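Engineer: got a predicted structure plus its sequence, pasted below:
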Amino acid sequence: MHTALPALGVRLRRVPLSVAFVSIIFLMVVLLAIFAPWIAPADPNKQTLLARLKPPGFELRGVTYWLGTDDLGRDLLSRTIHGAGVSLSVAVLSVVVSTLVGVTLGMVAGWFRGKIEIIVMRLVDIMMSIPAILLAVLTVAVLGPGFLNLVLVLGLTRWPRYTRVAYAQTLQISNLPFIKASELAGAGAARILFHHVLPNIAGPILIVATAEFGLMILMEAGLSFLGLGIQPPAASWGSIMSVGRQYLERAWWIVAFPGTCLFLLVFSVNVLGDWLRDQFDPRSRSR
Amino acid sequence: MNGTKNVLEIRDVAVHFGGRSGLLSGTGPVVKAVNGVDLRIGHAETVALVGESGCGKSTLSNTIVGLQAPASGSVRINGEEVVGAGKKKLNDIRRKVQMIFQDPALSLDPRSTVGATIAEPMIVRGVASGKELKARVATLLQQVGLRAEHADRYPHQFSGGQRQRIVIARALALEPDLVICDEPVSALDVSVRAQILNLLVALQKRTGVSYLFVSHDLGVVRHICDRVVVMYLGRFVEMADRDTFFANPKHPYTKALMSAVPEADPVVQRSKERLILSGELPSPANIPSGCAFHTRCPLATEICSRERPELTPRADGARVACHHA
């Protein structure tokens, strides 16, 4: 029944320039993350005390530090390349976790109503009223720091946002006649939610997810700054920047380069998200 | 199917809303949307349900298809009781009743292809799968005047009339005995209304399906229905065969509805005696005493506010609930 694939090929040839541009940026970040050990010119954790806080282009004993060095004389270019993987995977995984949890709860609350709706939506209110960073700090304090815990903490503190959107959209959709028609056809709740509700609420959720993606990278940076995220000496863009913040007046480059990468990544994810949402909507396709 | 068995038989059905006390809201008034109605629909029969908005037409049709539980009464489909039936049995019975909705733009999932939409009832019920399913979808599309290759397209690629054809194809997928048509043409252009109505008639001839045709357009009703039922504030006020109904309407409310139908001939239209009702439809939460219509009725006398008239048979076979008509 679904013949969307050949049509996709035709549509890809009409990709707007901006989307093509941000896709290249996004792909580059992904490739950097995957091939970091081969691309990075130096060991990201090797400290050279003679080369502390040196500006971009600094040379020492035949080694060129293209993006300069940090407070321990580590090569900033190599650290930024290695940090891409950490930042990207924390953001992607935590967005996936919170989307799964949030959308499921939101759809269930909006479809079944009654007690489950009250419980879920009050829980959402409670979660939203606790400062996210406080909750994250508490959870990490209990679970201990580390990559997996970081993903879980971010994922499980950010789901209420998705729940609100999924809930409101589900309420709206479930009153439409085509849902009634499915019920009359004999479809159960699971089929209606996955076949009819989810595809119709995917657009707004995708927008929330792309907005959250950037926020996740920043949250990771914040938690790493507090010593609750990625543990030193491992690099993430967040941890590099939080170190660089202390030396902002003397060594602007420590914050500037990971910051630029972060900006480009979040920007391209947002543009891509907008474009993808349009592509998922059959109404926006040509006849 | 034998001719004496009714496809649909509802007895003394009442549907009430509200009245439950909320946490903060207190006890709300009970809205009596449907208030004790009886109706039978035979094999291959088309019955029109007529009335103004808010009279309980949609509530009644939701009750028949099982989307709304009645407060009391009995709904039988092919002789099987729906009210109080278990979930599995209810599903089996319901298979024989389908629905066509008013707005074809909203009754098709915009994210599903037409083929997937039509196939859904058959997939869910396990009627067909694979190649057979595809063939049945193609047949259904052809039956409603579309082409088999339309199955791969999305609803937005079709016009309103075509979309309503798709909705009809989905409704017929399980070979139902009764299809409830909830204002099936009122959202369509006048030019395609006749096409859809003719399609419904042709399908009835071929399959023997019965229709409950909910409408407020008497012109459409006259075109396709065998019997007409007029509803006012949750009760039936007049029931008659089509010809009797249009030749000799009796209830003052029916007459008022009739006089509101515009005539094609301007001379006739100008000379037509208009019966204009005063006031609004009273709230179903606060139905007037006696005959519910007495607040707006030109014939109302003192008895009308005291005693509620029952549906009584008249000489020409019509049944009317009125003290004076």
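Structural biologist: That came through fine.
Engineer: what segments of the stretch 1-150 of chain A are helices?
Structural biologist: Assigned by DSSP state H, counting those that start in this stretch, the helices in the stretch 1-150 of chain A fall at A:4-12, A:17-34, A:36-39, A:76-112, A:114-129, A:132-143, A:147-173.
Engineer: same question, the stretch 1-150 of chain B
Structural biologist: So, for the stretch 1-150 of chain B - with DSSP H, counting those that start in this stretch - the helices run B:57-65, B:87-94, B:114-124, B:130-143.
Engineer: spatially nearest residue to residue A:139, not counting backbone neighbours?
Structural biologist: residue A:153 (4.7 Å; Cβ to Cβ, 6 or more residues apart in numbering or on different chains). From N, CA and C alone the C-beta is placed, and that goes for glycine too.
Engineer: closest to residue A:54 out of the helices of the stretch 1-150 of chain A?
Structural biologist: Smallest distance to residue A:54 across these (Cβ to Cβ): 9.3 Å, for helix A:76-112.
Engineer: would you mind listing what in chain B touches chain A?
Structural biologist: Neighbours of chain A within chain B, by Cβ under 8 Å from any Cβ of the partner chain: B:65, B:67, B:91, B:94-95, B:97-99, B:101-103, B:106-113, B:115-117, B:119-121, B:124-125, B:151-152, B:154, B:156-157, B:167, B:170, B:173-174.
Engineer: elements contacting the longest helix along chain B?
Structural biologist: As assigned by DSSP state H, the longest helix anywhere in chain B is helix B:190-207. With contacts defined as 3 or more Cβ pairs under 8 Å, 6 or more residues apart in numbering or on different chains; DSSP states H and E, helix B:190-207 has these neighbours: helix B:160-172, strand B:210-215, helix B:218-224.
Engineer: how about the helices in the stretch 151-287 of chain A?
Structural biologist: A:177-185, A:189-191, A:198-225, A:237-245, A:252-280.
Engineer: can you point out the buried residues in the last one?
Structural biologist: Neighbour-count burial for helix A:252-280, counted by 16 or more other Cβ atoms under 10 Å in any protein chain shown, picks out A:253-259, A:261-262, A:265-266, A:268-277, A:279.
Engineer: one step back: buried deepest among the helices and strands packed on helix B:190-207, which one?
Structural biologist: strand B:210-215 (a mean of 26; mean count of other Cβ atoms under 10 Å in any protein chain shown).
Engineer: mind exporting that strand as CSV, just the C-alpha atoms?
Structural biologist: What follows is strand B:210-215 as a C-alpha-only set of coordinates in CSV (Å, rounded to 0.1, in the frame of the first residue of the first chain):
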residue,chain,number,x,y,z
SER,B,210,-30.4,-0.6,4.4
TYR,B,211,-29.8,3.0,5.1
LEU,B,212,-30.6,5.3,8.0
PHE,B,213,-30.3,8.6,6.4
VAL,B,214,-29.8,11.4,8.8
SER,B,215,-30.5,14.8,7.1
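Engineer: elements contacting it?
Structural biologist: Secondary elements touching strand B:210-215 (3+ Cβ pairs under 8 Å, 6+ apart): strand B:46-50, helix B:57-65, strand B:178-182, helix B:190-207, helix B:218-224.
Engineer: can you give me every residue that contacts residue B:309?
Structural biologist: Contacts for residue B:309 were tallied using Cβ atoms under 8 Å, 6 or more residues apart in numbering or on different chains; they are B:291, B:321-323.
Engineer: can you give me phi and psi for it?
Structural biologist: phi -70, psi 140 (degrees, to the nearest 10).
Engineer: residue B:49 against residue B:231, yeah?
Structural biologist: Yes - contact between residue B:49 and residue B:231 holds when scored by Cβ atoms under 8 Å: they sit 6.2 Å apart.
Engineer: joint contacts of those two?
Structural biologist: B:57, B:60.
Engineer: who's more crowded, those two?
Structural biologist: residue B:49 (28 against 23; other Cβ atoms under 10 Å in any protein chain shown).
Engineer: so stretch A:109-120, near chain B or not?
Structural biologist: No - applying Cβ under 8 Å from any Cβ, one finds stretch A:109-120 out of contact with chain B, separated by at least 10.0 Å.
Engineer: pass me the low-pLDDT residue ranges in the stretch 1-150 of chain A, would you?
Structural biologist: A:1-13 (pLDDT under 70).
Engineer: let's see it at 80
Structural biologist: The stretch 1-150 of chain A contains residues with pLDDT under 80 at A:1-15, A:42, A:48-55, A:57-66, A:71, A:73, A:132-133.
Engineer: okay, buried residues for stretch B:73-85 please.
Structural biologist: Those would be B:73, B:75-78, B:82-83, B:85, for stretch B:73-85 by 16+ other Cβ under 10 Å.
Engineer: send me that stretch as PDB with only the CA atoms.
Structural biologist: Provided in PDB are the C-alpha atoms of stretch B:73-85 (Å, rounded to 0.1, in the frame of the first residue of the first chain):
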ATOM      1  CA  GLY B  73     -34.000   0.700  26.000                       C
ATOM      2  CA  SER B  74     -33.000  -1.900  23.500                       C
ATOM      3  CA  VAL B  75     -31.100  -1.800  20.300                       C
ATOM      4  CA  ARG B  76     -31.200  -5.000  18.100                       C
ATOM      5  CA  ILE B  77     -29.200  -5.500  15.000                       C
ATOM      6  CA  ASN B  78     -30.400  -8.500  12.900                       C
ATOM      7  CA  GLY B  79     -32.300  -9.500  16.000                       C
ATOM      8  CA  GLU B  80     -29.300  -9.500  18.300                       C
ATOM      9  CA  GLU B  81     -29.300  -7.200  21.300                       C
ATOM     10  CA  VAL B  82     -26.500  -4.600  21.400                       C
ATOM     11  CA  VAL B  83     -27.200  -3.000  24.700                       C
ATOM     12  CA  GLY B  84     -25.300  -4.800  27.500                       C
ATOM     13  CA  ALA B  85     -23.600  -7.200  25.100                       C
END
